[in-house]
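In: Sharing a model that was predicted from the sequence below.
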Number of protein chains: 2
Amino acid sequence: MAKIEEILKNHDLRITQIRVDILNYFLKDKSNALTHANLEQQFGKKHDRVTIYRTLNSFLENGLVHKIADDSGVAKFAVCQHGSSKHKHDEQHIHFKCKKCKRIECLHHTSIPSLILPTNYKIETVNLLIEGICGICNTKAT
Amino acid sequence: MAKIEEILKNHDLRITQIRVDILNYFLKDKSNALTHANLEQQFGKKHDRVTIYRTLNSFLENGLVHKIADDSGVAKFAVCQHGSSKHKHDEQHIHFKCKKCKRIECLHHTSIPSLILPTNYKIETVNLLIEGICGICNTKAT
DNA sequence: CAACTTTATGCAACTAAATTGCAAGAAAAA
DNA sequence: TTTTTCTTGCAATTTAGTTGCATAAAGTTG
């Protein structure tokens, strides 16, 4: 069985054309976040708009991708790092949004420092989005 | 001149009824974030839906409020701490979203630790959203 | 592998959030 | 108080996402 199909299986997802296509597209650049619009542009002729939404949602529910919080109002998704089970939680990591190229990427190798909150606050998830200029844009500066 | 009106002036905003109303409402609980829907519920009879959007946007542009990134797709706003000029940047702070009461609040007294990013990455803004159970909900637990 | 069960897909319609254009009205400036 | 500039209200539109339902495909079982 091809690698892609194994990944889908491991996340309790049926193997269908659109899922293979979209997962492949995500895996081309693992740290890059994608929107529904990005995928519609890529696959809009081959697959239905609504099916793309539903694919993203099932990927999300089954822990294959995670949703990235940003203030644009458009949902962005990126593949989770762990290759296998849907139950294993993705390590928390930083998201970086470049103001120049607009790309959002996951910085998997940069850890989130521990935080001290007021008494009685219970932390469940930490969502850290940094905006600035990414390495690529910064080297080929104006 | 009343305090509210001074604040508007200091942010280069004309004094109008809706702006006074909305700013007052924000200031009732300075650390609480509000959505357009919250404000529409409060002021929908007195003021137009679109005007509420525009009020939020001018508050945002003139640095009176900031927009909070979260994954819900609905824009949330909270007043900035500094009372005065629109040019003074708001100190960066943590946002906390309670999974029980759904409230988003600004933790102004909890600072963001410094972060080390990969080479050539330039940080401009840090957006830190923590989800969990807030102090109030946690003490009156189930 | 045929029949069956379950889940996914495509299409149309719909909802929700936010924006735009424009004429009229209100604030601030001259 | 007149003029200029900005703000408001209304209608229409755009954009993002969801829902219902009939059909089709995937996986399962005898």
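Out: Thanks, I have it.
In: Show me what from chain A comes close to chain B.
Out: Taking CB under 8 Å from any CB of the partner chain as the criterion, the neighbours of chain B within chain A are A:67-71, A:73-75, A:94, A:96, A:99, A:107, A:109-110, A:113-135, A:138-139. Just so you know, the C-beta spots here come from the backbone N, C-alpha and C atoms, and that holds for glycine as well.
In: Please enumerate the helices of chain A.
Out: Along chain A, the segments classed as helices by DSSP state H run A:3-10, A:17-28, A:36-43, A:49-61, A:135-139.
In: Give the bridge partners for the residue lying closest to residue A:110 once chain neighbours are set aside, please.
Out: The shortest distance from residue A:110 to any residue that is not its chain neighbour, by CB to CB, 6 or more residues apart in numbering or on different chains, is 5.0 Å, and that residue is residue A:94. According to DSSP bridges, residue A:107, residue A:128 are recorded as the beta-bridge partners of residue A:94.
In: Against residue B:127, how distant is residue A:94?
Out: According to CB to CB, to the nearest Å, residue A:94 stands 10 Å off from residue B:127.
In: Quickly list what's touching both of the two.
Out: A:128-130 (CB atoms under 8 Å, 6 or more residues apart in numbering or on different chains).
In: Closest one of those to residue A:36?
Out: Each of those was scored against residue A:36 by CB to CB, and residue A:129 proved nearest at 18.9 Å.
In: Identify the residues contacting the closest one.
Out: Each residue near residue A:129 by CB under 8 Å, 6+ apart is listed here: A:68-70, A:94-97, B:69, B:126-129.
In: quick one: stretch A:10-18 to chain centroid distance?
Out: Per CA atoms, centre = their mean, to the nearest Å, the displacement of stretch A:10-18 from the mean C-alpha position of its chain is 17 Å.
In: buried stuff in it?
Out: Of the residues in stretch A:10-18, those scored as buried under the neighbour-count criterion (16 or more other CB atoms under 10 Å in any protein chain shown) are A:10-11, A:13, A:18.
In: Check stretch A:18-38 too.
Out: Along stretch A:18-38, the positions that meet the burial threshold by neighbour count (16+ other CB under 10 Å) are A:18-19, A:21-23, A:26, A:31-36, A:38.
In: And the pLDDT for residue A:70?
Out: Predicted confidence (pLDDT) at residue A:70: the value is 89.
In: One more: the one 4 residues further on?
Out: Looking at residue A:74, its pLDDT stands at 96.
In: out of the shared contacts of residue A:94 and residue B:127, who's nearest DNA strand C?
Out: Distance to DNA strand C, by CB to the nearest atom of the strand, is smallest for residue A:129 among the shared contacts of residue A:94 and residue B:127, at 17.0 Å.
In: quick one: contacts for the nearest residue in space to the closest one that is not next to it in sequence?
Out: Leaving aside its sequence neighbours, residue A:129 sits nearest to residue B:127 (CB to CB, 6+ apart; 4.2 Å). With contacts defined as CB under 8 Å, 6+ apart, residue B:127 is in contact with A:69-71, A:128-131, B:68-69, B:95.
In: Contacts only, for the residue sitting furthest away from the middle of chain A.
Out: Distance from the C-alpha centroid of chain A, by CA atoms, centre = their mean, peaks at residue A:119 (32.2 Å). Residue A:119 is in contact with residue B:135, counting by CB under 8 Å, 6+ apart.
In: Give me the distance between it and DNA strand C.
Out: Using CB to the nearest atom of the strand, to the nearest Å, one obtains 33 Å as the distance from residue A:119 to DNA strand C.
In: what does the model give that residue for pLDDT?
Out: In this model, residue A:119 is scored at 93, pLDDT.
In: Look up phi and psi at it.
Out: phi -50, psi 140 (degrees, to the nearest 10).
In: quick one: it from residue A:72, how far?
Out: Distance of residue A:119 to residue A:72, given as CB to CB: 34 Å.
In: Residue A:46 against residue A:25, yeah?
Out: No - applying CB atoms under 8 Å, one finds residue A:46 not in contact with residue A:25, separated by 11.5 Å.
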